[in-house]
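Asks: Sequence first, then the predicted structure, then my questions.
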Protein chains: 2
Amino acid sequence: MLLVQKFGGTSVGTIERISNVARRVAEAKSKGNDVVVVASAMAGETNRLIDLAKSCVTEPDPRELDVLISTGEQVSTALLAMKLTSMGYKARSLQNHQVRLVTDSTFTKAHIKRIDAQKLRNVLKDGSIAIVAGFQGIDEQGDITTLGRGGSDTTAVAIAAALKPYVKSGLVCEIYTDVDGVYTADPNIVPQAKKLKRITFEEMFELASSGAKVLQTRSVLFGMKFDIPIHVRSSFNDSEGTMVVSETNDMESVVVTGISQDKNEAKITVLHVSDRPGIAHSIFAPLAEAEIIVDMIIQSASSQGFTDMSFTVPRGDYKRAMQILQELVNQKKATYVTGDEKIAKVSVVGVGMRTHSGVAAKMFKALADAKINIQMISTSEIKVSVVVNESDMKKAVEVLHKEFELGIER
Amino acid sequence: MLLVQKFGGTSVGTIERISNVARRVAEAKSKGNDVVVVASAMAGETNRLIDLAKSCVTEPDPRELDVLISTGEQVSTALLAMKLTSMGYKARSLQNHQVRLVTDSTFTKAHIKRIDAQKLRNVLKDGSIAIVAGFQGIDEQGDITTLGRGGSDTTAVAIAAALKPYVKSGLVCEIYTDVDGVYTADPNIVPQAKKLKRITFEEMFELASSGAKVLQTRSVLFGMKFDIPIHVRSSFNDSEGTMVVSETNDMESVVVTGISQDKNEAKITVLHVSDRPGIAHSIFAPLAEAEIIVDMIIQSASSQGFTDMSFTVPRGDYKRAMQILQELVNQKKATYVTGDEKIAKVSVVGVGMRTHSGVAAKMFKALADAKINIQMISTSEIKVSVVVNESDMKKAVEVLHKEFELGIER
């Protein structure tokens, strides 16, 4: 069996924790598995390096920023490899230029193009544990790149995908983190939330993109594309976590799998804009130019040739977006721009929605019964999201968790 | 003109100092030079990383130690490159795997085998400043290696040597450090010491290997082998430093160029060993096995088939050496082992000695006149070294500096 084990920043945050990780890796190796470890930077290290850069220049060159912050994972791989070596195991740290994890040249948020499996295979054939620096790669020119925050998850799944053609006896990508697995809802909000034994890639993707922080969305897409089973589990205990897998027939019997919430958005409404072709473009083009990502969009029914337009943006971009849109008012393209930072998005997710109708209706009724006002709605094939007041968020999650009977043992 | 500028750990020890270095590099570039910068780790960083390794395991695997500590220079190159970029200059940091500075696989003290000049030439042709991580390389397998303490000097001279065949209009390797240049003696001991305008590679090598810390001996040997003029100068002011160059005819007119001292040795005497073939081997073989380097060796005249043997070892190895040699006494191969940690070696160096006799005699007389007892003597073609009491060291250097008229302006 090939195990690709990824350990996050908190899992390698101290020397003691690195020793713990080493014991866990050693155990997996001792059971006869081939083991590739993907290590993140020690918790806080990436931020320390970014602060160092910013104390040097106000806007660090992205190429050089990647050279700088990639040292964080390099340190972790070396420490982990020397720990395992001292325990009598064969272990080798491998950096981006050795694994040849090749990305495009979009520094600070590069995309993986390919991985040279040969180097990793040689290390594994030698009986060694391969310890790969997560989060980073090299571009075609050999320059160091990084994959953006949380990129180590993606590194792990991509490495599993690259090795998959050569694996004869099973393959799992284990993502070790500081939570036990994927829950039906955030246990901090719903104490009755249950840990899921299995979840599909699609559901995981929707949960991750609507606020659940347990896995990076990109790594889920990689897992889905190459069909790499991902085991999300805790690095602090031995309990089984959650398997993220391809959909099987029996999975559709569960209509709703989980609920997520996201307080990281803000709502903006542009009032009384003339309802003619091109108006959406005049609103959203300047936001796109400012690299502000717009999420949910609602256009109200037109009245006398005018309409209102509401949408959400990341909360960190709210002030900037408001300034940009004020220009529309100045140009007399709208009468007024208003906004609300205190909103939350609550989403219910489940592949069963594809074959079960009425989920949205049931959701709206439950929220109405709880006197929670719905401000915006958006749906996908396996997700329904609503925007509510931030103060209603906790109650909304609780109500929906109960309504869809997610706390009941199956 | 091609300038290879090496900056040591104190020169890049803080963000402010990195800005200073950037200004200096920018100035050299603005004058129309091609500039390659070799950067050391920020002062203290290498020790911090070694401490981190030692907090993880008692004896870090050398391969992984190199992976760990090489991050120190990587950080410096990135900060320096982003500073220069923010100042409007084209600058690119380059790591070992990009420069392809290939070494053997002796981790923590690797030797340079070759450098791929092509990558550096491309960066320079592009009009960019190349900022290379000092102290490190990769071996034939692509594993990260380091060159040992002070290895950045060697990196700089080796890069200059690799680029030399392509340079049309002059080449200097500038070693920026925290002193002004090479002095006739340590100015902390002899305030009248004069900064040398020029010194030969041979003299520099002898001074460096007998206690002067201004340049690494290996970098001097590289400079000598490839005839790379080395300019030793301060990174904190603009004054001219000392040029280390090949010998020219006029240089032999000066008999003694400089005086160095070294408190880093200890003396051991093995008393009353039987004077027969193989006895030296039985003393020095166990020391060599323990990787203790023996420097000066004196064997006293044999008397009734017995002799005494004195030699010096690095002070840090003194206790261990004494323990090892005690074995000889236990085995009845010697009657007694005694030692002295409080010694110092004082050396006078000059290529003029080749053609001028009487330097040693003059030296011994001057020391005798000052009532300084000489415990051991060793000589090379261009150097005379004596071992004295540590308490006599300062006086010995002063007396010899005066005797050879080194404080007089020429």
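Replies: Thanks, I have it. Numbering: from 1, shown residues only, chains lettered A, B, ... in the order given.
Asks: How far off centre is the lowest-mean-pLDDT helix or strand in chain A?
Replies: Counting by mean pLDDT, DSSP states H and E, the weakest-scoring helix or strand in chain A turns out to be strand A:297-299, with a mean of 85. In terms of Cα atoms, centre = their mean, to the nearest Å, the centre of strand A:297-299 is found 25 Å from the chain centre.
Asks: Outside of the following helix or strand past that strand itself, which residues are in contact with it?
Replies: Sequence order places strand A:306-314 as the next helix or strand after strand A:297-299, per DSSP states H and E. Strand A:306-314 is contacted from outside by A:264-275, A:279-280, A:283, A:287, A:292-301, A:321, A:343, A:345, A:375-376, A:387, using Cβ atoms under 8 Å, 6 or more residues apart in numbering or on different chains. To be clear about C-beta, it is placed using only N, CA and C from the backbone, and glycine gets the same treatment.
Asks: ok, back up a step: name the helices or strands packed onto the least confident helix or strand of chain A?
Replies: Judged by 3 or more Cβ pairs under 8 Å, 6 or more residues apart in numbering or on different chains; DSSP states H and E, strand A:297-299 is in contact with strand A:306-314.
Asks: in the strand it packs on, what counts as buried?
Replies: Residues A:306-314 are the ones in strand A:306-314 that count as buried (16 or more other Cβ atoms under 10 Å in any protein chain shown).
Asks: just those residues now: which is nearest chain B?
Replies: A:P314 (26.3 Å; Cβ to the nearest Cβ).
Asks: Beta-bridge partners for that closest one, please?
Replies: A:E265 (DSSP bridges).
Asks: Spell out, range by range, the strands that occur in the stretch 251-400 of chain A.
Replies: Using DSSP state E, counting those that start in this stretch, the strands of the stretch 251-400 of chain A run over residues A:258-262, A:265-274, A:297-299, A:306-314, A:336-340, A:343-349, A:376-380, A:383-389.
Asks: Residue of the stretch 201-350 of chain A closest to chain B, please.
Replies: The minimum distance from the stretch 201-350 of chain A to chain B, using Cβ to the nearest Cβ, falls at A:S235 (17.0 Å).
Asks: For that residue, which phi and psi angles does the backbone take?
Replies: Backbone torsions of A:S235, given as degrees, to the nearest 10, read phi -90, psi 0.
Asks: Let me know whether it touches A:T177 as I believe.
Replies: Yes - using Cβ atoms under 8 Å, A:S235 is in contact with A:T177, at 6.8 Å.
Asks: Strands along the stretch 51-200 of chain A, start to end?
Replies: A:91-94, A:101-103, A:112-115, A:129-133, A:136-138, A:144-146, A:171-177, A:198-200.
Asks: residue ranges with poor pLDDT in chain A?
Replies: A:410 (pLDDT under 70).
Asks: Break it into its domains for me.
Replies: Taking automatic domain parsing as the criterion, chain A consists of the domains A:2-178, A:248-410.
Asks: For the first one, measure first residue to last.
Replies: When you say that, I think you mean domain A:2-178. Using Cα to Cα, to the nearest Å, the end-to-end distance of domain A:2-178 comes to 23 Å.
Asks: who's in contact with the closest residue to A:T338 other than its chain neighbours?
Replies: Excluding the flanking residues, the one nearest A:T338 by Cβ to Cβ, 6 or more residues apart in numbering or on different chains is A:T269, at 5.1 Å. Shown in contact with A:T269 (Cβ under 8 Å, 6+ apart): A:308-310, A:337-339.
Asks: How far does stretch A:373-385 sit from its chain's centre?
Replies: From the chain centre to the centre of stretch A:373-385 is a distance of 20 Å (Cα atoms, centre = their mean).
Asks: tell me which residues in that stretch are buried?
Replies: Result for stretch A:373-385 [16+ other Cβ under 10 Å]: buried residues A:374-376, A:378, A:382-385.
Asks: farthest pair in those?
Replies: Of all pairs drawn from the buried residues of stretch A:373-385, the greatest distance, 22.2 Å, lies between A:Q375 and A:I382 (Cβ to Cβ).
Asks: overlap in contacts of A:S235 and A:T177?
Replies: A:8, A:10-11.
Asks: Closest one of these to chain B?
Replies: Closest to chain B, out of all of the shared contacts of A:S235 and A:T177 and judged by Cβ to the nearest Cβ, is A:S11, at 14.9 Å.
Asks: What separation do you get for the closest one and A:T154?
Replies: Note on A:S11: its distance to A:T154, by Cβ to Cβ, to the nearest Å, is 17 Å.
Asks: for A:I293, same thing?
Replies: 19 Å.
Asks: Between these two, which is the more surrounded one?
Replies: Comparing A:I293 with A:T154 by other Cβ atoms under 10 Å in any protein chain shown, the one with more neighbours is A:T154, at 27 against 11.
Asks: how far away is the more buried one from chain B?
Replies: Per Cβ to the nearest Cβ, to the nearest Å, A:T154 is found 22 Å from chain B.
Asks: now A:N188
Replies: Separation of A:N188 from chain B (Cβ to the nearest Cβ) stands at 33 Å.
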